[in-house]
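Visitor: below is the sequence, then the predicted model.
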Amino acid sequence: MKKICMYFFSGTGMTKYVVDRLSAEFERHHLSVDCFKIEDASMHHVTLSEYDALGIAYPTHALNAPKIVINFVKSLPQSNDMNTFIVHTCSSENHRANHASSNLLIKKLSKRGYRVFNNQLIEMPSNFAHKDSEAEVINTLKRADKRIPHIAKSVVALKSHLANNSFSSKKVLPFLARIQWLGAPIT
Ligand SMILES: Cc1cc2nc3c(=O)[nH]c(=O)nc-3n(C[C@H](O)[C@H](O)[C@H](O)COP(=O)(O)O)c2cc1C
């Protein structure tokens, strides 16, 4: 693997924090990395076939990938089995349904011919519902900083890392939570 293309969405910078560090790790592995904001995707002409892998990064929103990320994936050109990895951030890794927030995204990517081999959930400070204390923020960032090199290593090695999301609450809760998308055009 020589060249990686990453697209990311980050509402308040936590996912960007992960993407920046992940890119630096890939570069340490002598890979070249191009990163694009999903909201600016239409401004760049990117030929994905020139890359060896595609990365998608996003924050978990109501147990799902944000709609902007799903819509972006729907606009991707058809691929022939491109190696694809996902990194999604959340405010609590302990909630089992967060692990399934990529289910729909993976389905859409597969439909367009992208082969998701690695899907990582990484806990970051919360930007909703509750405010972490300063000590919690520091600890969460320390844990993330420790994990990112391992995530990069497993992506570079094309290691399969896919959660078992067969447990029914993991499937049903993200599906039900998509009700919030109905309000997205209003906000
Ligand atoms: C509208 C909204 C919904 C969220 N839903 C969840 C959720 O379902 N589960 C979770 O663990 N965190 C949730 N979060 C927290 C974010 O996923 C988390 O803080 C993330 O790291 C923020 O990344 P960002 O700064 O790149 O947007 C939500 C945040 C927002 C703003």
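Guide: All right, it came through fine.
Visitor: now do whichever helix in the chain runs longest: distance to the chain's middle.
Guide: Longest helix of the chain, by residue count under DSSP state H: helix 134-156. Averaging C-alpha coordinates over helix 134-156 and over its chain gives two centres that are 14 Å apart (Cα atoms, centre = their mean, to the nearest Å).
Visitor: quick one, what contacts Glu93?
Guide: If a contact means Cβ atoms under 8 Å, 6 or more residues apart in numbering, then Glu93 has His99, Leu121, Ile122, Glu123 as its contacts. All C-beta atoms are positioned from the backbone trio N, CA, C, and that covers glycine.
Visitor: returning to what we had before: how about residues contacting the longest helix of the chain?
Guide: Counting contacts by Cβ under 8 Å, 6+ apart, the residues touching helix 134-156 from outside are 1, 4, 17-18, 21-22, 25-26, 28-29, 31, 53, 55, 85, 87, 118, 120, 122-125, 132, 161.
Visitor: again, but for stretch 32-44
Guide: Applying Cβ under 8 Å, 6+ apart, the contact partners of stretch 32-44 are 2-10, 19, 23, 26-27, 46, 51, 58, 68-69, 72, 75.
Visitor: now do the end-to-end distance for that stretch.
Guide: Distance between the two ends of stretch 32-44: 17 Å, counting by Cα to Cα, to the nearest Å.
Visitor: quick one: is it near the ligand?
Guide: No - no part of stretch 32-44 sits near the ligand under the criterion Cβ under 6 Å from any ligand atom; the closest distance found is 11.0 Å.
Visitor: repeat that for stretch 94-104.
Guide: Yes - Stretch 94-104 comes into contact with the ligand (Cβ under 6 Å from any ligand atom), by way of His95, Asn98.
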